[in-house]
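# need coordinates for the following:
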Amino acid sequence: MQILILAGGRGRGTEEQAIAERYLARLPVPARIIEAGRGWQMPDRPDVTVVLDEKGTSLSSEAFAARLSGWRDRSVRQLAFVIGDADGHPQSMRAQADLLLAFGPATWPHLLVRAMLAEQLYRAFAILSRHPYHRGA
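Numbers count the residues shown, from 1 in each chain. The predicted structure is shown next:
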């Protein structure tokens, strides 16, 4: 499985980007962030597309890990997470999504979402491998 984070806005050189990259480097699968400018389109159709959107479904860390496990077990080769810029996502992007995912009902800055998503990916893999990083309730 390869994980792509397609992120709107600029993040290179920021502390948030550095945090995201540290978590992504710890993953047991290849993962990278691709920055996209205004009006960008999905380069190729990945096997699974997850659009981060405040109106999406909120999942616990355990439920997110279970989704990731399901995609891994289905031999998903490319998993793309799409983070919008300040203007959010066009309706066409939402319509392509296999999952609309929210980190709660709040609106988060796109740079923080990069770091939050990278941490949740790391946490999900920790849950799946029973690593002590996640000490759930």
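
# I figured A65 hits L128, correct?
Yes. Counting by C-beta atoms under 8 Å, A65 does reach L128; the two are 5.4 Å apart. C-beta coordinates here come from the backbone N, C-alpha and C atoms, glycine included.

# tell me which of those two has more neighbours.
Neighbour totals were compared for A65 and L128, and A65 leads with 22 against 16 (other C-beta atoms under 10 Å).

# how near is that one to E15?
26 Å (C-beta to C-beta, to the nearest Å).

# and for G56?
Going from G56 to E15 by C-beta to C-beta gives 26 Å.

# more crowded one of these two?
Ranked by neighbour count (other C-beta under 10 Å), G56 and E15 place G56 first, with 16 against 10.

# SS state for the more buried one?
Secondary structure, DSSP: H, G, I helix; E, B strand; the rest coil: G56 is strand.

# what is the lowest-mean-pLDDT helix or strand in the chain packed up against?
Across the helices and strands of the chain, mean confidence by mean pLDDT, DSSP states H and E is lowest for helix 91-96: a mean of 86. Contacts defined by 3 or more C-beta pairs under 8 Å, 6 or more residues apart in numbering; DSSP states H and E place helix 91-96 against strand 48-58.

# just how off-centre is the strand it packs on within its chain?
Counting by C-alpha atoms, centre = their mean, to the nearest Å, strand 48-58 is centred 9 Å from the centre of its parent chain.

# cool, stretch 123-133 as well?
With C-alpha atoms, centre = their mean as the basis, stretch 123-133 stands 17 Å off its chain's centre.

# what are the buried residues along the longest helix along the chain?
Criterion DSSP state H: the longest helix present in the chain is helix 110-128. Neighbour counts over helix 110-128 (16 or more other C-beta atoms under 10 Å) mark 110-111, 113-128 as buried.

# now do that helix against strand 48-58, angle only.
In terms of direction (axes from the mean of the first three to the mean of the last three C-alpha atoms, to 10 degrees), helix 110-128 departs from strand 48-58 by 100 degrees.

# residues in contact with helix 110-128?
Outside helix 110-128, the residues within contact range by C-beta atoms under 8 Å, 6 or more residues apart in numbering are 3, 5, 7-9, 11, 14, 16-17, 19-24, 26-29, 31, 33, 52, 61-62, 64-65, 68-69, 81, 83-86, 103, 108, 131-134, 136.
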